[in-house]
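Chemist: predicted model, plus sequence, below.
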Amino acid sequence: MDSQYSPDAVAAARSLQIFAYIYTSMATFWTYDYACSIREEGKFLLCSRRSRVKFLYIVTRYVPFLLFAANLYLNFAPDETLTTCQFVNNLCEALSLMAIVCSECFFMLRTYVLWDNNKIILAAMLLTATAVAVGSTVAMFSTTVTAPFETSSVSGITGCYQSSRSVGLFVPFLLLFGFELVLISLTLIRAIRDWRTTHAFCMPFC
């Protein structure tokens, strides 16, 4: 890159290029995976009965296409205004939250079934999930709304980015990581308990 650009401008341009490569690769692999299973997808969507699980699957499966499209637009669309950048970024965050919530519902349903439809476990998971969702939403939108967007000053580099850095963007990941640990712990506890019960039952016959 030309030496006339400041180090910050060069670093921002490189970050935009890296993000563009990452989102392009992810969109390519996601589309390829969908193309490989398009026949099974069609049978499931057309032949299976309507249910809440099917709705969760559809959202989890197809919302990422919208998310990738929005992110690719954010990285490749030329002459973006800062208002457009803010709108598309908010749309990406909303789509991300929607996909994550629906995918986590699958793990919650699995854990609920493993615990023999225990209402206490269900209530604990729902309360924890609600707290995580609210905290993540507040952290994400409050951080991105206050941080200004900028476009790259380097010629040939499209896209926009937020110039300020905030620790608040890591809060959703930390909350989601903690929630995943809770679900994994519940699954392991149930699996160990079932193994001990089965092992103790089989001992007299050995």
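Modeler: Okay, I see it.
Chemist: the helix or strand containing I192 packs against which elements?
Modeler: Under the criterion of DSSP states H and E, I192 resides in helix 171-202. Where contact means 3 or more C-beta pairs under 8 Å, 6 or more residues apart in numbering; DSSP states H and E, helix 171-202 is packed against helix 82-114, helix 119-146. Using the backbone N, CA and C atoms, a C-beta is placed for each residue, glycine as well.
Chemist: can you list the buried residues in it?
Modeler: Buried residues in helix 171-202, counted by 16 or more other C-beta atoms under 10 Å: V171, P172, L175, L176, F179, L183, L186, R190.
Chemist: next: stretch 121-131.
Modeler: So, applying 16+ other C-beta under 10 Å, buried residues of stretch 121-131: I121, M125, T128, A129.
Chemist: one step back: so of the helices and strands packed on helix 171-202, which one's packed in deepest?
Modeler: Ranked by average neighbour count under the criterion mean count of other C-beta atoms under 10 Å, the helices and strands packed on helix 171-202 are headed by helix 82-114 at a mean of 17.
Chemist: please state the offset of that one from the chain centre?
Modeler: 5 Å (C-alpha atoms, centre = their mean, to the nearest Å).
Chemist: gap between I184 and P172?
Modeler: As defined by C-beta to C-beta, to the nearest Å, I184 lies at a distance of 18 Å from P172.
Chemist: ignore the last one, A35
Modeler: Separation of A35 from P172 (C-beta to C-beta) stands at 31 Å.
Chemist: what of A124?
Modeler: 21 Å.
Chemist: cool, S136 as well?
Modeler: Distance from S136 to P172, by C-beta to C-beta: 4 Å.
Chemist: now do I100
Modeler: Distance from I100 to P172, by C-beta to C-beta: 8 Å.
Chemist: kindly report the same for K119.
Modeler: Taking C-beta to C-beta as the criterion, K119 is separated from P172 by 28 Å.
Chemist: with L97 instead?
Modeler: 8 Å.
Chemist: just F141 next, same as before
Modeler: From F141 over to P172 (counting by C-beta to C-beta), the distance is 10 Å.
Chemist: joint contacts of those two?
Modeler: Contact criterion C-beta atoms under 8 Å, 6 or more residues apart in numbering; no residue bridges F141 and P172 by contacting each.
Chemist: so where's the chain uncertain?
Modeler: 1-3, 5, 79-80, 143-149, 153, 162-169, 199-206 (pLDDT under 70).
Chemist: try it again at 80.
Modeler: The chain contains residues with pLDDT under 80 at 1-13, 15, 77-83, 139-170, 197-206.
Chemist: give me the buried positions along stretch 31-38.
Modeler: By neighbour count with 16+ other C-beta under 10 Å, stretch 31-38 contains no buried residues.
Chemist: ok, now stretch 152-163?
Modeler: Per 16+ other C-beta under 10 Å, stretch 152-163 contains these buried residues: S152, V154, I157, T158, G159, C160, Y161, Q162.
Chemist: need the max-distance pair from the residues you listed.
Modeler: Farthest-apart pair in the buried residues of stretch 152-163 is V154 and Q162; separation 16.8 Å (C-beta to C-beta).
Chemist: the helix holding I192 vs helix 119-146, what angle?
Modeler: If you take axes from the mean of the first three to the mean of the last three C-alpha atoms, to 10 degrees, helix 171-202 sits at 160 degrees to helix 119-146.
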